[in-house]
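1. 3D model of this:
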Amino acid sequence: MKRKNTQSLREILDEFTRSQHLDDKLAEHRVINALPLIVGNGIAGYIRSTYFHHGILYVNLNSSVVRNELMLMRTRLIQQLNQEVGNAVVKDIQFK
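-> Just a heads-up that it's a prediction; the model follows:
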């Protein structure tokens, strides 16, 4: 017997995350996981913590030199992170 209203598991999960307003939080989590891949292992070793607040990614670093280098690359990092996630989640990055 064939069902008429079948959905893939992916469609069901996407619908659920949208209905529960979880899609933005999942995208933010994907950005935080993608950050070490984008900046590379060398720079990722200087990252102490990361968190989101109102579309701004806050990155706490151990090194002021690395912080200055990343500030110069801010625009490119925002573009790469948003491209990696497939959504304009990151509006700005603050390095501390």
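2. contacts, neighbours, all on C-alpha from now
-> OK.
3. where does this protein have low pLDDT?
-> For the chain, the stretches flagged by pLDDT under 70 are 1-3.
4. can you give me the helices in it?
-> 9-19, 23-39, 41-44, 64-72, 74-85 (DSSP state H).
5. and of those helices, who's closest to Y51?
-> Within these, the stretch nearest Y51 is helix 23-39; the backing value is 7.5 Å (CA to CA).
6. who's in contact with that closest one?
-> With contacts defined as CA atoms under 8 Å, 6 or more residues apart in numbering, helix 23-39 is touched by 14, 17, 43-44, 50-52, 77, 80-82, 84-85, 87, 89-90.
7. do stretch 65-80 as well
-> So stretch 65-80 is in contact with I38, I43, Y46, L61, V90, K91, D92, I93, F95, K96, going by CA under 8 Å, 6+ apart.
8. now that stretch: buried residues?
-> Using 16 or more other CA atoms under 10 Å as the burial criterion, the residues of stretch 65-80 that qualify are R67, L70, R74, L77, I78, Q80.
9. of these, which pair is most distant in space?
-> Farthest pair in the buried residues of stretch 65-80, by CA to CA: R67 and Q80, 17.7 Å.
10. just the buried subset of the contacts of helix 23-39, please.
-> I43, F52, L77, Q80, L81, N82, E84, V85, V89, V90.
11. any idea how far stretch 21-41 is from the middle of the chain?
-> Relative to its chain's centre, stretch 21-41 lies at 3 Å (CA atoms, centre = their mean, to the nearest Å).
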